[in-house]
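Undergrad: Fold the following, please.
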Amino acid sequence: MSNANTYTYRITWSPDDGEHVGLCAEFPSLSWLDPDPGCALNGIMSLVMEVVAEMEQNGEVVPEAFSEKRYSGNIPARVTPMVHRKLAIEAAEKGISMNRLVAAKLAL
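TA: Residues are numbered from 1 along each chain as shown. Take a look at the predicted model:
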């Protein structure tokens, strides 16, 4: 049984709707609108709990929470030769490895 409390939630303001929007990263198609940000959070969490319960009842695969996944820290990425050259030059000029440079850029 999945625990909806371990999913990744975010509350943001929607100028178009004039309300706060509750979102869940593991369920990008779901949202909850409410004028109060706390109610938007409670609303999306309740909705996710309902959806998870329904999925489990139907034998569907429930998304794993990002907080429960294990990450290796290794992100293979392909870039153009020109970008590769630019990164190599920048790393060399800074006196650091290209890996450290790219990691710092991704952390921004």
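Undergrad: most centrally placed residue in this protein?
TA: What sits nearest the mean C-alpha location of the chain, by C-alpha atoms, centre = their mean, is residue 25, with 5.0 Å.
Undergrad: That residue contacts residue 6, correct?
TA: No. Look at residue 25 against residue 6 with C-beta atoms under 8 Å: they stay out of range, at 11.6 Å. For glycine as for every other residue, the C-beta is placed from the backbone atoms N, C-alpha and C.
Undergrad: all helices for this structure, in order.
TA: Assigned by DSSP state H, the helices in the chain fall at 37-57, 81-94, 98-107.
Undergrad: Who are the packing partners of the last one?
TA: In other words, helix 98-107. helix 81-94 (3 or more C-beta pairs under 8 Å, 6 or more residues apart in numbering; DSSP states H and E).
Undergrad: tell me the angle the helix it packs on makes with helix 98-107.
TA: For helix 81-94 against helix 98-107, the angle by axes from the mean of the first three to the mean of the last three C-alpha atoms, to 10 degrees is 100 degrees.
Undergrad: List the buried residues for helix 81-94?
TA: Using 16 or more other C-beta atoms under 10 Å as the test for burial, helix 81-94 gives residue 91.
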